[in-house]
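Visitor: only geometry, no sequence info:
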């Protein structure tokens, strides 16, 4: 590795964090957007370089200030981290490129620098969570990303975003507090915050009640941040009333980052050290995953607001990820981590399509898009492609992760057939709510609206994501190899 390569884990966080205050100083129209977009693209290129390194089987470790862990702050990137970094930085870059005109129409010139500074802080916070190798810095970056996300959600013209943000703030704070209490209990018993050191020390006190309490606090706190059913109540309104491009960014990556921390913490620290924890983990997550899939899909089928429909769909898709993780098997964990990537592609495409539709339509309700496909054929064609990926149709990215999930269910000695039936039925439910959008837009009676033009950059970004949904469905080698390696990493800390 050359000197610059050695510093890539730190640059992944430092670049957007240092650019945030610089963006605040830019007052000319569109300059803050340009600086934020360039920064986001740079972080995406860093994530790609880190991915190329870890795909050779070489995790990257970085010691801040050359202080050796566990005494210093350590950053670490492996295959699992690289996969999530690609999701975070890719979602940010695509959303910013496609959302310039959409954001310019709702963010005034005097607020624009602060909005894009908050965007970069959210990006830096989520990237920091992924690369941090100690429990306390995960909390620090969690708070940075959360506070910045509250600003982004509340930045739109819809006043209903304010109570949605307040609910998100309260529940997000509760989740972070639970996590911090759990970390404090572990530190009290082990005297370390570094995850690797914690893994070595915790077995000496694994049977102590503070450790058991810590496992409960951390799991529940992160489940709330990840919107795992029934702790998802903050998510629908936050996605519905946030600016469309903000929803695209957060829906693609925010909950995945929390899921990443939940899986890494549980498999690195608790699985091998707490007696019977593997069964407890499965017994806790599997019923919640099943309920999340069913309830999220059923509610989405009856929603008339497109963004709210897709928000409840996300609750169901998070259920798929948790279902795969609850199998605690190589196939199940591969399916779970792969679905993080594939869901980001599908849902990112659907919310980008919603942002394009909002340029023409009077609102985001089904009645507002009646007959609109005849005026926006390219937009709705891309929406259909992303919708097919969300359903899991062969030839799309969503099919690959669902196929692995079905195989993981079939490996179970009992209940596997029932879980396969659940996956198939919930996929049919997805057909229903995606078809409601397509049917209304294609065959509904056209509503007279003002003639407007969808920004070219938004159409290009939308189709780039739609093509990626097909491309990674036909050639899934990159995300699949990263996901398989991530599953081996997680299980390697159990056996």
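Guide: Structure received. Please read all numbers here as calculations on a predicted model, not as lab measurements.
Visitor: check which helix or strand covers the residue nearest the centre of the chain.
Guide: By C-alpha atoms, centre = their mean, the chain has its centre lying nearest to residue 253, at 2.3 Å. If you go by DSSP states H and E, residue 253 is part of helix 244-265.
Visitor: related to what we said a few turns ago, got the confidence number for the residue nearest to the centre of the chain?
Guide: Note for residue 253: predicted pLDDT of 88.
Visitor: which stretches of the stretch 301-450 of the chain aren't confidently modelled?
Guide: In the predicted model of the stretch 301-450 of the chain, residues 447-450 satisfy pLDDT under 70.
Visitor: Going along the chain, name the helices of it.
Guide: Using DSSP state H, counting those that start in this stretch, the helices of the stretch 301-450 of the chain run over residues 306-326, 330-360, 377-391, 397-410, 416-443.
Visitor: Could you dump those into CSV and include distance to residue 205 and mean neighbour count?
Guide: The way it works is simple: take the backbone N, C-alpha and C, and place the C-beta from them, glycine included. Below are those laid out as CSV (distance: least, C-beta to C-beta, whole Å; neighbours: other C-beta atoms under 10 Å):
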stretch, distance to residue 205, mean neighbour count
helix 306-326, 26, 26
helix 330-360, 27, 27
helix 377-391, 44, 23
helix 397-410, 33, 23
helix 416-443, 36, 17
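Visitor: Turn these into CSV, columns for distance to residue 457.
Guide: Below are those laid out as CSV (distance: least, C-beta to C-beta, whole Å):
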stretch, distance to residue 457
helix 306-326, 21
helix 330-360, 11
helix 377-391, 13
helix 397-410, 23
helix 416-443, 22
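Visitor: Show me the one of those that comes nearest residue 148.
Guide: Among the helices of the stretch 301-450 of the chain, the nearest to residue 148 by C-beta to C-beta is helix 330-360 (18.8 Å).
Visitor: Now do the buried residues in the helix holding residue 253.
Guide: Neighbour-count burial for helix 244-265, counted by 16 or more other C-beta atoms under 10 Å, picks out 244-265.
Visitor: The residue nearest to residue 215 when sequence neighbours are not counted: neighbouring residues, count only.
Guide: By the measure of C-beta to C-beta, 6 or more residues apart in numbering, the closest residue to residue 215 outside its immediate chain neighbours is residue 270, 5.1 Å from it. For residue 270, the neighbour count with other C-beta atoms under 10 Å is 25.
Visitor: same question, residue 101
Guide: 18.
Visitor: helix or strand for it, which one?
Guide: With DSSP H and E as the test, residue 101 turns up in helix 100-104.
Visitor: Can you name the next helix or strand after that helix?
Guide: Following helix 100-104 in sequence order, the next helix or strand is helix 112-131 (DSSP H and E).
Visitor: list the helices and strands that next one packs on?
Guide: In terms of contacts (3 or more C-beta pairs under 8 Å, 6 or more residues apart in numbering; DSSP states H and E), helix 112-131 is packed against helix 8-24, helix 31-54, strand 74-77, helix 79-98, helix 135-153, helix 244-265.
Visitor: Residues contacting the helix holding residue 101, please?
Guide: 29-30, 33, 37, 112, 115, 243-245, 355, 358-359, 455, 457-458 (C-beta atoms under 8 Å, 6 or more residues apart in numbering).
Visitor: For the closest residue in space to residue 385 that isn't next to it in sequence, grab the count of nearby residues.
Guide: Closest residue to residue 385 apart from its sequence neighbours, by C-beta to C-beta, 6+ apart: residue 466 at 4.2 Å. Neighbour count for residue 466, taken as other C-beta under 10 Å: 28.
Visitor: low-confidence ranges in the stretch 1-150 of the chain?
Guide: Ranges of the stretch 1-150 of the chain meeting pLDDT under 70: 1-4.
Visitor: Give the buried residues for stretch 9-19.
Guide: 9-13, 15-17, 19.
Visitor: swap in stretch 71-81?
Guide: Here stretch 71-81 shows 73-81 as buried, counting by 16+ other C-beta under 10 Å.
Visitor: ok, the residues you listed vs residue 299, which is closest?
Guide: Lowest distance from residue 299 to the buried residues of stretch 71-81 (C-beta to C-beta) belongs to residue 80, with 30.8 Å.
Visitor: Tell me who's in contact with that closest one.
Guide: So residue 80 contacts 260, 263-264, 337, 482, 485-486, 489-490 (C-beta under 8 Å, 6+ apart).
Visitor: ditto for residue 186
Guide: Shown in contact with residue 186 (C-beta under 8 Å, 6+ apart): 135, 198, 202, 210-211, 214, 269.
Visitor: And it, how far from residue 119?
Guide: Distance from residue 186 to residue 119, counting by C-beta to C-beta, to the nearest Å: 33 Å.
Visitor: Likewise for residue 192?
Guide: 34 Å.
Visitor: Which one's more surrounded, those two?
Guide: residue 119 (31 against 20).
Visitor: residue contacts, the residue nearest to the more buried one when sequence neighbours are not counted?
Guide: The shortest distance from residue 119 to any residue other than its chain neighbours is 5.6 Å, reached at residue 36 (C-beta to C-beta, 6+ apart). Counting by C-beta under 8 Å, 6+ apart, residue 36 touches 19, 23, 96, 116, 119-120.
Visitor: swap the cut-off to 7 Å and go again
Guide: By C-beta atoms under 7 Å, 6 or more residues apart in numbering, the residues touching residue 36 are 23, 96, 116, 119-120.
Visitor: got it, and residue 254?
Guide: residue 149.
Visitor: Mind giving me the packing neighbours of whichever strand or helix holds residue 283?
Guide: Element membership of residue 283, judged by DSSP H and E, is helix 277-302. Applying 3 or more C-beta pairs under 7 Å, 6 or more residues apart in numbering; DSSP states H and E, one finds that helix 277-302 contacts helix 306-326, helix 416-443.
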